[in-house]
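> no sequence for this one, just the structure:
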């Protein structure tokens, strides 16, 4: 296994060289960081190169690093992580690409490379607000069209901005300001005198 991962790192470094920002061994998988400007050419090579042949993208997810490491994170705020699978070589690879702008995160769509990325990119757009240029149909997929904001961003309020309800008088769905009162949840405390008495 170690030899296989070492050969994967060597293959990636040999083929892509300075297009790779970093190559790390973490959580039992090889993780590669690629610049946003190079991502389409790098991911296409990862799919097509004989030594790699990552023919499947099994997952794609958005990430918000704004509070990562208890606020100690110093890099870009938004990233997309791609999970790739090479069936021919029986290997997995994690690829991370950071959006250049924190205020308006934009990355290129990988749907032309792996068509299965279509709905994953729509999810990352809907929940994180990451724009994918070149996507064939970039629109919300989980929240409704009137939804305000991106609920997986770390700065999105837990109760949201508005709530939706059915109004029987108007016979339609209406939006209104959130009526949920913020409250502090007090954890259950175990005391020694009652511990294990049940």
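Perfect, I can see it now. Quick caveat, the model's predicted, so the values are computed rather than measured. Residues are numbered from 1 along each chain as shown.
> can we go C-alpha only for contacts and neighbour counts from here?
Will do.
> show me the shaky parts of the chain.
Where the chain drops to pLDDT under 70, the residues are 1-6, 180, 182-198.
> tell me where it has strands.
Here the chain has its strands, by DSSP state E, at 20-26, 29-34, 56-64, 78-86, 91-98, 106-108, 131-133, 162-167, 172-177.
> what are the pairing partners of the third one, and which direction each?
Read it as strand 56-64. Strand pairing for strand 56-64, determined by DSSP bridges: strand 78-86 (antiparallel).
> any idea of the angle the partner strand forms with strand 29-34?
130 degrees (axes from the mean of the first three to the mean of the last three Cα atoms, to 10 degrees).
> buried ones in strand 78-86?
Buried residues in strand 78-86, counted by 16 or more other Cα atoms under 10 Å: 78, 79, 80, 81, 82, 83, 84, 85, 86.
> which ones are touching residue 111?
Counting by Cα atoms under 8 Å, 6 or more residues apart in numbering, residue 111 touches 117, 118, 135, 136.
> in JSON lines, list the strands of the chain along with distance to residue 9.
What follows is those, written out as JSON lines (distance: least, Cα to Cα, whole Å):
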{"stretch": "strand 20-26", "distance to residue 9": "7"}
{"stretch": "strand 29-34", "distance to residue 9": "8"}
{"stretch": "strand 56-64", "distance to residue 9": "19"}
{"stretch": "strand 78-86", "distance to residue 9": "14"}
{"stretch": "strand 91-98", "distance to residue 9": "10"}
{"stretch": "strand 106-108", "distance to residue 9": "25"}
{"stretch": "strand 131-133", "distance to residue 9": "28"}
{"stretch": "strand 162-167", "distance to residue 9": "48"}
{"stretch": "strand 172-177", "distance to residue 9": "52"}
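> of these, which is nearest residue 147?
strand 162-167 (8.1 Å; Cα to Cα).
> that closest one pairs with which strands, and in what direction?
Applying DSSP bridges to the sheet, strand 162-167 is found paired with strand 172-177 (antiparallel).
> contacts for the strand it pairs with?
161, 162, 163, 164, 165, 166, 167.
> can you rerun that using 10 Å?
Here strand 172-177 makes contact (Cα atoms under 10 Å, 6 or more residues apart in numbering) with 146, 147, 160, 161, 162, 163, 164, 165, 166, 167.
> and the gap between residue 113 and residue 18?
Noted for residue 113: a distance of 22 Å to residue 18, by Cα to Cα, to the nearest Å.
> who's more crowded, these two?
The residue with more neighbours, out of residue 113 and residue 18, is residue 113; 17 against 10, by other Cα atoms under 10 Å.
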